[in-house]
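> A structural model of the following input is requested.
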Amino acid sequence: MTAPSARPAVVAPTVVALAALALAGPLAVTEAAVPTTTGASTGAGAGASTGATASRVVLRAPQEVAPRTRFAVRGTLRVGSGRRTVTVSERVDGRWRTRARARTTPRGTFRLRLRSGAAEAERELRLRARGGGRLLATSRFVVRVAVPKAATAVTTSWSAPGAALGIPLPVTGLVHAPDAAGRTAVLQAALPSGWFDLTSTVVAPDGSFALAAPTDWLASLSTRVLVPETATSAEGASTTTPYAVTPTWTPPGAAGDWTELGPDLPLRHDPCRVVDYRTNLDGAPSGAAEAVAEAVRQVALATGLRFRHLGPTAALFDGRGPHAAYPSDATLVVGFGTAAQTHAPFGGAGRTIGWGGASDSRRARSAALGDVWRIVEGGAVLRADHPWQPAELLEALTHEIGHAVGLGHASGAEQLMFPVSDGANVVWGAGDLAGLRTAGLQAGCLTAPRRSRADDRPRGVVALP
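Numbering: from 1, shown residues only. Here you go, the predicted structure:
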């Protein structure tokens with residue numbers, strides 16, 4: 001960022017600190033492998049794997065059955081001809097014991113009926129098909145015998161479809177289940193990468209619950225309330241409800257006025273990880289610590305990123321000599337330095353007063369953006385020998401941290417990411433917010449790339465003033 005002239009200070013909007021969020025893990029579904037066969041399986045208790053031979057059997061079996069019932073194992077044999085014999089055996093005390101036997105139709109279809117038994121258990125089963133005196137196909141699968149869980153129904157009531165930034169938004173509801181009292185009700189958001197936990201509470205003895213939807217970051221989300229399963233009741237979820245958190249100011253400019261920092265792929269922090277940062281305030285002006293904290297909050301409210309300050313460091317972003325050693329426990333360093341301490345273009349008669357971006361990253365995958373660079377070392381450094389004024393200091397810090405989370409420059413002077421500082425632009429513009437939305441939680445979590453590549457790390461520092 002460069003500085004042409006100073007202008008009167010503008011008071012920044014009040015900001016609410018970002019609440020802690022928790023990532024919701026996926027629900028596991030167990031599938032047993034089919035060692036020597038290939039084919040689809042509609043029952044989660046049976047699966048298929050590809051072998052060296054052609055597809056031989058398609059097997060369908062339930063994943064779970066109730067005690068003292070009968071269940072069917074059916075499928076199609078795709079090898080041999082005429083009627084073939086199919087046998088289902090169960091592994092008991094290390095030995096296979098026959099439980100059912102049937103003949104296929106001339107077309108190879110079969111259906112066997114088995115008893116579930118009285119006790120809850122996981123039954124390891126094996127299907128074998130024979131014809132013409134030889135083994136044609138074999139497949140192993142598991143059927144779980146369990147008492148059916150009681151249903152859980154969840155209803156919600158929202159006080160409003162959205163709220164302004166920082167204004168409370170209550171969500172109430174009821175859990176209908178025999179064991180509703182004491183269970184957990186979790187408010188989740190649908191992100192491109194899956195469901196994400198926003199906040200949670202304990203269900204009251206009468207089945208009611210009350211939550212507060214987060215309004216400390218700008219978002220437009222589809223949500224639900226999930227009540228996880230227990231030993232006796234299945235999980236339940238409410239219908240989805242959209243809600244939006246809107247700014248308390250009118251963002252100026254055009255929503256399309258933003259650019260990426262990265263020259264090839266977007267540079268991003270993982271929104272589902274806490275961004276740990278350290279500060280180097282040696283040589284900083286008075287009020288710098290408060291200004292850094294406020295700038296970080298400004299970025300948090302626009303992105304949903306969670307920041308955690310770990311304390312001071314001697315390092316500087318893109319630093320030289322003793323200031324080059326990046327702290328191992330942080331992914332962001334914010335500080336003040338001189339041309340002798342950093343590679344930032346602070347020397348000579350230039351007017352550059354800030355420098356921000358990424359110095360190291362790894363290839364990753366975003367459900368919303370595709371291939372990206374995940375930032376593992378980034379930061380912002382401001383010129384220590386500049387005569388800082390409070391409003392200009394806050395503007396420059398917010399601008400450079402905007403670079404450090406992946407944004408490039410805007411073309412309109414009303415955007416905070418405009419490359420020239422005027423000391424008065426301390427609110428996000430419409431283009432700023434549109435770009436930061438893609439850099440934040442609403443874009444979803446980052447995952448490992450689909451495949452490893454030789455260029456999984458970019459070369460050099462990617463930064464802008």
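> Tell me how far Ser159 lies from Thr239.
From Ser159 across to Thr239, the span is 17 Å (Cβ to Cβ, to the nearest Å). C-beta: built from backbone N, CA, C; applies to glycine.
> just Ser193 next, same as before
Applying Cβ to Cβ to Ser193 and Thr239 gives a distance of 21 Å.
> Compare these two and say which is more crowded by neighbours.
Ser193 (19 against 9; other Cβ atoms under 10 Å).
> how close does that one get to Phe307?
Applying Cβ to Cβ, the value for Ser193 to Phe307 is 20 Å.
> Which residue lies nearest the spatial centre of this structure?
Nearest to the geometric centre of the chain sits Cys445, at 2.6 Å (Cα atoms, centre = their mean).
> Show the residue spans covered by the strands in the stretch 351-465 of the chain.
Secondary structure of the stretch 351-465 of the chain (DSSP state E, counting those that start in this stretch): strands located at 354-366, 370-383, 446-447, 462-464.
> Show me the one of those that comes nearest Gly117.
The closest approach between Gly117 and any of these, judged by Cβ to Cβ, belongs to strand 446-447 at 41.1 Å.
> Return the list of helices and strands in contact with that closest one.
Applying 3 or more Cβ pairs under 8 Å, 6 or more residues apart in numbering; DSSP states H and E, we find strand 446-447 packed against strand 354-366.
> Pull out the buried residues from the strand it packs on.
Judged by neighbour count (16 or more other Cβ atoms under 10 Å), strand 354-366 contains these buried residues: 354-361, 363-366.
> quick one: which of the residues you listed is nearest to Ala244?
Distances from Ala244 to those, taken by Cβ to Cβ, are shortest for Ser366, at 22.1 Å.
> per-residue confidence at the closest one?
With respect to pLDDT, Ser366 scores 95.
> Distance of Arg365 relative to Gly194?
Counting by Cβ to Cβ, the gap from Arg365 to Gly194 is 13 Å.
> With Asp282 instead?
43 Å.
> my guess is Gln389 meets Gly423, correct?
Yes: the criterion here is Cβ atoms under 8 Å, and Gln389 meets it with Gly423 at 6.0 Å.
> More neighbours: which of those two?
When neighbours are counted by other Cβ under 10 Å, Gly423 comes out ahead of the other of Gln389 and Gly423, with 22 against 16.
> Now for the closest residue to the more buried one other than its chain neighbours, how many residues are close by?
Among residues not flanking Gly423 along the chain, Glu392 sits closest, at 3.8 Å (Cβ to Cβ, 6 or more residues apart in numbering). Neighbours of Glu392 under the rule other Cβ under 10 Å: 25.
> Could you do the one 4 residues further on as well?
Other residues within reach of Ala396, judged by other Cβ under 10 Å, total 26.
> Please apply the same query to the one 10 residues further on.
Counted by other Cβ under 10 Å, the residues lying close to Gly406 total 28.
> any idea how far Thr223 is from it?
From Gly406 to Thr223 the distance is 26 Å (Cβ to Cβ).
> Check Ala284 too.
41 Å.
> Please apply the same query to Asp329.
The gap separating Asp329 from Thr223 is 33 Å, by Cβ to Cβ.
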